[in-house]
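Peer 1: dropping a prediction and its sequence here:
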Amino acid sequence: MSLLRVDDVTKRFGGLAAVDGASLEVEERSITALIGPNGAGKTTLFNVVSGFTRPDRGSVRLGDARIDGRPPHAVNRRGLVRTFQTPRALTRMSVLENVLLAAPDQPGERLWRVVGTPGRARRRERRIEEQARELLRLVQLESVAGDYAGTLSGGQRKLLEFARALMTEPRIVLLDEPMAGVSPPLALQLLEHMQMLRAERGLTFLLIDHDLQVVMSVSDQVVVMDAGRAIATGTPDEVRANPLVVDAYLGTHGRAAG
């Protein structure tokens, strides 16, 4: 069953089609990788799907709802959240506060809850903090929970962004190069966490990453983009054997993988 469906999406910047009629499907409770040479349009497609860029043509559906053209906060409320190649953190707030801010249904969002039902509001705040600390333990940032986010290394900021994404209680998480800058042991743990969250919570993941060995080892399905289009979809073994994929990476175009 498809949770995310992208149909014939095109996005142009001036005369350049960064995404040119791309279509793909992501099955519910799957880990799907989106790979392709540098400049294939992967991040632009992520931006369209997550609401940061409006497509010129085509549609994006999350479950039964059409989400293309909706702003990021509306897409997020539908259950889709994404991370970025360059992590975004509120550097003058603590690591814990960064995660807390991502929680949905905050008691302070509605004054009547705080005034009319203070006990319920306090219980909700305690549950939110417990959940945030649990996620920081998951990504091994609990020891720096009180530190300013601006003091974290690049790899640690990637892990913080992953925790913030999970804090939104999503149905699907889009990860843009989640392993970049993360130490190999932590990267391996992150992959294990993805598999655990898929198994235990039913989460779905769509990720871009440059490490093809990692991608092939963790993914149920691989979608290959080239020149703004999805040129192949299949299991890792099927994609490895596809001559179009071999050509896109190593053949007549002569481009580096990315």
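Peer 2: Received it, and whenever you're ready, just let me know what you need. Fair warning: this is a prediction, and the values are worked out from it, not measured in the lab.
Peer 1: and the longest helix for this structure?
Peer 2: Secondary structure of the chain per DSSP state H: the longest helix is helix 118-138.
Peer 1: now do that one, average pLDDT.
Peer 2: Helix 118-138 comes out with an average pLDDT of 84.
Peer 1: stretch 69-78 now?
Peer 2: 94.
Peer 1: give me the residues contacting that stretch.
Peer 2: Applying C-beta atoms under 8 Å, 6 or more residues apart in numbering, the external contacts of stretch 69-78 come out as 50-52, 54-55, 62-63, 65, 67, 104, 168, 170-171. (Each C-beta comes from the backbone N, C-alpha and C, glycine too.)
Peer 1: now do 6 Å
Peer 2: Here stretch 69-78 makes contact (C-beta atoms under 6 Å, 6 or more residues apart in numbering) with 50, 51, 52, 54, 62, 65, 67.
Peer 1: summarise which helices and strands the longest helix of the chain is packed against.
Peer 2: helix 95-101, helix 154-167 (3 or more C-beta pairs under 6 Å, 6 or more residues apart in numbering; DSSP states H and E).
Peer 1: could you tell me the least trusted of these?
Peer 2: Per-stretch mean pLDDT for the helices and strands packed on helix 118-138 is lowest at helix 154-167 (a mean of 91).
Peer 1: follow-up on the earlier one: dump the helices and strands packed on helix 118-138 to a markdown table, plus mean neighbour count.
Peer 2: Conversion of the helices and strands packed on helix 118-138 to a markdown table gives the following (neighbours: other C-beta atoms under 10 Å):
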| stretch | mean neighbour count |
| --- | --- |
| helix 95-101 | 22 |
| helix 154-167 | 22 |
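Peer 1: as CSV, the ones you listed with distance to residue 141 would be great.
Peer 2: Formatted as CSV, the helices and strands packed on helix 118-138 follow (distance: least, C-beta to C-beta, whole Å):
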stretch, distance to residue 141
helix 95-101, 6
helix 154-167, 6
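Peer 1: how about these, which one is nearest residue 133?
Peer 2: For residue 133, the closest of the helices and strands packed on helix 118-138 is helix 95-101, at 7.1 Å, according to C-beta to C-beta.
Peer 1: and the residue nearest to residue 50 when sequence neighbours are not counted, how many neighbours?
Peer 2: Among residues not flanking residue 50 along the chain, residue 82 sits closest, at 4.2 Å (C-beta to C-beta, 6 or more residues apart in numbering). For residue 82, the tally of surrounding residues (other C-beta atoms under 10 Å) stands at 22.
Peer 1: no further queries at this time; thank you.
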